[in-house]
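[1] can't give you the sequence, but here's the structure:
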């Protein structure tokens, strides 16, 4: 074999390798997903020559995917779902369905198509969406240097002035009662299911400090969404180990540094600061999240736009919960 031929092969392999690296670079990083009627999040990592990904699709948690593959100008991400099917003979069988997301660059965004096979095994649902690269996080801000505006009472204690349902087609379980903002999503128990909605402020905000008190009955659950996209968990998790799904956590993203919840039925204080995409949470006087970076939206986000002002919204479909003394102080 001639040296010229070997040189040509070496150059071709080098070119293929360089192009592959360029393709990986075009997808690597964190992306916010603009989904129809909601939001998601995708992170593509490239470590020791291996591509991997984590995905948030509408609701729930950020989870690792089943596979991520970059071929040419396409990124293909899969995740699997196990479905238990009842058979005619009374037995059961577990089927595994694979959901597939295919993305490719278009300008400074990615355009994507998600394919979800029907669990009947017949047909698929197709969702088209776009992905926008999330700007790099700034350094953690110095909270002592923040300049604050005038405090705003979000709840007047007597009615729901300044608040609206996010979805008008759902039922409002919130009401003003004895100076408290009470959510009581009672189901009738006759087989009918009532779809209760989430409550949001009519006003929108950028960076701020939010203080409130909350009372969570046994086994109940809610959430305080900052700018409508980042959920600080509100739940009866007294006595449980620290977890990113427990009281005071940034849902599925930041685990509290300490477990300082009070027992169900007791009033608890929350002091939450969102500043330059960093989060601080003080629960019952103890700092449990200390100026930590927020990597992206959480499940249930109203929008994928992390740069725009947004409302405070309270989750209303999980159980009875009582709020009072909701005060927001803007950071100028």
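    Yep, it's here. These numbers were taken from a predicted model, which means no experiment stands behind them.
[2] Spit out the contact partners of residue 286.
    Residue 286 is in contact with 258, 260, counting by Cβ atoms under 8 Å, 6 or more residues apart in numbering. For glycine as for every other residue, the C-beta is placed from the backbone atoms N, C-alpha and C.
[3] likewise residue 277?
    Contacts of residue 277 by Cβ under 8 Å, 6+ apart are 137, 138, 293, 294, 306.
[4] now do residue 119
    83, 85, 95, 97.
[5] Check residue 265 too.
    215, 216, 217, 218.
[6] Please produce a PyMOL select command covering the buried subset of those.
    To isolate the buried ones among the contacts of residue 265 in PyMOL, judged by 16 or more other Cβ atoms under 10 Å, type:
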select buried, resi 215+216
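[7] from the contacts of residue 265, which single one is nearest residue 274?
    Using Cβ to Cβ, residue 216 comes nearest to residue 274 of these, at 21.8 Å.
[8] ok, back up a step: just the buried ones among the contacts of residue 277, please.
    Burial by neighbour count, 16+ other Cβ under 10 Å: within the contacts of residue 277 this picks out 294, 306.
[9] At which residues are the helices of this protein located?
    3-27 (DSSP state H).
[10] Going by neighbour count, which of the contacts of residue 119 comes out on top?
    Among the contacts of residue 119, residue 97 has the most neighbours (other Cβ atoms under 10 Å), with 15 neighbours.
[11] so that residue touches residue 81, yeah?
    Yes: the pair residue 97 / residue 81 is scored as a contact, 5.1 Å apart, by Cβ atoms under 8 Å.
[12] Please enumerate the shared neighbours of those two.
    The contact sets of residue 97 and residue 81 do not overlap (Cβ under 8 Å, 6+ apart).
[13] Residue 134 against residue 294, yeah?
    No: the criterion here is Cβ under 8 Å, and residue 134 misses it with residue 294 at 10.2 Å.
[14] Other residues contacting the longest strand belonging to the chain?
    Assignment by DSSP state E gives strand 92-106 as the longest strand of the chain. Strand 92-106 has contacts (Cβ under 8 Å, 6+ apart) with 26-27, 42, 55, 66, 73-87, 110-117, 119, 121, 131.
[15] and what of stretch 120-130?
    Residues outside stretch 120-130 that contact it (Cβ under 8 Å, 6+ apart) are 33-36, 40, 95, 109-118.
[16] picking that back up, with pLDDT and distance to residue 152 as extra columns, can I get the contacts of residue 119 in CSV?
    Shown next, in CSV, are these (pLDDT from 0 to 100; distance: Cβ to Cβ, whole Å):
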residue, pLDDT, distance to residue 152
83, 94, 47
85, 92, 52
95, 95, 51
97, 96, 47
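[17] Make CSV from these and add distance to residue 179 to it.
    CSV is the format used below for the contacts of residue 119 (distance: Cβ to Cβ, whole Å):
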residue, distance to residue 179
83, 47
85, 51
95, 52
97, 49
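[18] Farthest-apart pair in the residues you listed, please.
    Across the contacts of residue 119 (Cβ to Cβ), the longest gap, 10.7 Å, separates 85 and 97.
[19] which residues touch residue 58?
    Residues in contact with residue 58 (Cβ under 8 Å, 6+ apart) are 35, 38, 39, 40, 299, 300.
[20] Could you rerun that using 6 Å?
    Residue 58 sits next to residue 38 when contact means Cβ atoms under 6 Å, 6 or more residues apart in numbering.
[21] any idea how far it is from residue 39?
    In this view, residue 58 and residue 39 are 7 Å apart by Cβ to Cβ, to the nearest Å.
[22] and what of residue 187?
    Separation of residue 187 from residue 39 (Cβ to Cβ): 28 Å.
[23] Pick out whichever of these two has more residues nearby.
    Neighbour totals were compared for residue 187 and residue 39, and residue 39 leads with 26 against 10 (other Cβ under 10 Å).
[24] Which strand residues bridge the more buried one?
    Beta bridges link residue 39 to residue 34 when assigned by DSSP bridges.
[25] And the pLDDT at it?
    Model confidence at residue 39, given as pLDDT, is 97.
[26] Quick check: it vs residue 161, distance?
    Residue 39 sits at a distance of 28 Å from residue 161 (criterion: Cβ to Cβ).
[27] Kindly report the same for residue 317.
    Using Cβ to Cβ, one obtains 22 Å as the distance from residue 317 to residue 161.
[28] Which one's more surrounded, these two?
    A side-by-side neighbour count of residue 317 and residue 161, using other Cβ under 10 Å, places residue 317 first with 17 against 9.
[29] tell me the contacts of the more buried one?
    Residue 317 is in contact with 185, 196, counting by Cβ under 6 Å, 6+ apart.
[30] so what pLDDT did it get?
    Note for residue 317: predicted pLDDT of 88.
[31] Just name the closest of the contacts of residue 277 to residue 179, please.
    Closest approach to residue 179 among those (Cβ to Cβ): residue 294, at 31.9 Å.
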